[in-house]
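>>> From the sequence below, what's the structure:
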Amino acid sequence: MRQESAKTHRQSNIPDIEIIDLDLVPVDSLMDKGDFSESAPAIEEDTRLDAEAAYEENDELYGSAPPYEEEDGDEEEDAPGRSGNFFSRIILHIAFVLVLLFCIGLIFFRFSNWGTRVPSFFDPDADFDDTELIEVLDSMVNVPVGQRMDTDGIRTVVILGNSPFSDERNSDDGVVSLAGSMTDATFYNCSVAGSHLAAAKETFLADEDPMDAFNLYWLSTLITLQNTGIYDSAFAAMGDAAPADARYAYDTLSTLDFQNVDVLAIMYDASDYLEERPLYNMLNPTDIQTFAGNMDASLELLCNAFPHLRIIVMSPTYAFYVDENGEYISSDIHKSNGYSLSTYAGNLEHIAYDHSVSYLDNIYGTVNEVNAEDYLEDHLHLNAAGRKRLAERFVYALEYFD
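Coordinates of the predicted model:
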């Protein structure tokens, strides 16, 4: 092996290297200091690396490209930049938290003050009417010009509903009589005492509830479809006990030419809420056995049949719930089928908006919990002052666009 290696070595251009056979050389000879000094010469003192010494280019080691040189002051410039970015992020986070807290506070304030308007520069010692703090939710909508129809030049108004307009209907302090003294409109008061907005039955059953023919939906079918059959059976079932205002409503609505009617006003009191008729049916939004569904289905018929009509939906006025002991309970506290009276009224506002008709807010704008004792003769019905206040609000809605 040694001879072959030597021969190969001699034929190459590699400098001669002494080959040592470790099996023949004593270990002590390998530890000789002289050998190590010859194979690995010590670095002279004047050639040792100095970290602070100036750089001397050595093409033999590094080639022609100079090594990376740091620019003076880089460290000093980077530190303030990083510090500035850090503080910018802190400021942005603080601003975000402040905006978030403001939004949460605003939402809490709106919910805690829902239904009230806080006067500016409020003076607790000043005299003011508590009703001035009530936020009225009126929404007046006019009929588009292209849809209006007034063939006789007389403002004709038809009224549907129950006790607010039917009470004292022949008296000078009835709502219609009072409104007539404030405006020159012609009124057809087709309200029926004891009727409801929501139907008692899914289909009309004269033998079980003949007065059910006078809920809003069946009256709407009488106006739009001339559905007189159910009224024949209703009056036959009631006989001589049929209320006079029910007979008047039928005779008027079945013969009146609605092409000459300008305004249709609808107002039912809180009877549906007090008798716990359902507010709405989530599976059937136009369920006529519900307070909201009946209004929705009725407006669908009326708006499609008579697009020239200006329809005014009027919410109930405030009413108290009466418990088993005869005590008056706030209608915002007592829940009928899970809902307060204000929720019943709020659904009417929403439905009126959906059908692009006017909404007159009576539960806050006319008779509310603050002034109810001044305008109610019991837990539900309006007294003379209450009827006058309702008449003023009604005329306001009628003449809003005049």
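>>> so where's the stretch 151-300 of the chain uncertain?
Scanning the stretch 151-300 of the chain for pLDDT under 70 picks out the ranges 151.
>>> can you tell me how far the residue nearest to the spatial centre of the chain sits from R310?
Closest residue to the average C-alpha location of the chain: H350 at 10.9 Å, with CA atoms, centre = their mean. As defined by CB to CB, to the nearest Å, H350 lies at a distance of 19 Å from R310. Backbone N, C-alpha and C define where each C-beta goes, glycine included.
>>> ditto for G346
In terms of CB to CB, G346 sits 22 Å off from R310.
>>> Between those two, tell me which one has more neighbours.
Neighbours per residue (other CB atoms under 10 Å) separate G346 from R310, with R310 holding more: 24 against 18.
>>> List the buried residues of the helix or strand hosting N347.
Using DSSP states H and E, N347 sits within helix 341-354. The neighbour-count check on helix 341-354 (16 or more other CB atoms under 10 Å) flags 341-349, 351-352 as buried.
>>> Quick check: which helices or strands does it pack against?
helix 271-274, helix 291-305, strand 310-314, strand 358-360, helix 362-365 (3 or more CB pairs under 8 Å, 6 or more residues apart in numbering; DSSP states H and E).
>>> Check the offset of that helix from the chain's centre.
Remark: helix 341-354 is offset 13 Å from the chain centroid, using CA atoms, centre = their mean, to the nearest Å.
>>> what's it in contact with?
Contact partners of helix 341-354, identified using CB atoms under 8 Å, 6 or more residues apart in numbering, comprise 115, 137, 139, 141, 270, 272-273, 279-280, 291-292, 295-296, 299, 313, 315-316, 318-319, 321, 331-332, 336, 358-359, 361-363.
>>> Give the buried subset of those residues as a PyMOL selection command.
Entered in PyMOL, the line below selects the buried ones among the contacts of helix 341-354, by 16+ other CB under 10 Å:
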select buried, resi 137+141+270+272+273+279+280+291+292+295+296+299+313+315+316+318+319+321+331+336+358+359+361+362+363
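>>> and F306, what is it in contact with?
224, 258-259, 261, 264.
>>> For it, what are phi and psi?
phi -130, psi 80 (degrees, to the nearest 10).
>>> Settle this for me: S330 is touching E369, isn't it.
Yes: the pair S330 and E369 passes the contact test of CB atoms under 8 Å, sitting 6.4 Å apart.
>>> Those two: which has the busier surroundings?
E369 (19 against 13).
>>> per-residue pLDDT, the nearest residue to that one once chain neighbours are set aside?
Computed as CB to CB, 6 or more residues apart in numbering, the closest residue to E369 that is not its neighbour in sequence is Y318, at 5.5 Å. As predicted, Y318 sits at a pLDDT of 98.
>>> Check for me that Y318 belongs to a helix.
No: going by DSSP: H, G, I helix; E, B strand; the rest coil, the assignment for Y318 is coil, not a helix.
>>> Now do it against G386, distance only.
Y318 is 10 Å from G386, by CB to CB.
>>> Overlap in contacts, the two.
Joint contacts of Y318 and G386 (CB under 8 Å, 6+ apart) are 367, 376.
>>> L216: what's it in contact with?
With CB under 8 Å, 6+ apart, L216 has these contacts: 160, 197, 266, 268, 294-295, 298.
>>> Now those residues in JSON lines, please, with extra columns for distance to R247.
Formatted as JSON lines, the contacts of L216 follow (distance: CB to CB, whole Å):
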{"residue": "L160", "distance to R247": "15"}
{"residue": "L197", "distance to R247": "21"}
{"residue": "I266", "distance to R247": "20"}
{"residue": "Y268", "distance to R247": "20"}
{"residue": "N294", "distance to R247": "22"}
{"residue": "M295", "distance to R247": "25"}
{"residue": "S298", "distance to R247": "21"}
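>>> just the strands in the stretch 151-300 of the chain please.
156-161, 186-189, 263-267 (DSSP state E, counting those that start in this stretch).
>>> Check which helices and strands the first one sits against.
Of the remaining helices and strands, those touching strand 156-161 by 3+ CB pairs under 8 Å, 6+ apart are strand 186-189, strand 263-267.
>>> Which stretch among the ones you listed approaches N215 most closely?
strand 263-267 (11.6 Å; CB to CB).
>>> what's the neighbour count on the nearest residue to I223 once chain neighbours are set aside?
Spatial nearest neighbour of I223, chain neighbours left out: L253 (5.5 Å); criterion: CB to CB, 6+ apart. When neighbours are counted by other CB under 10 Å, L253 registers 20.
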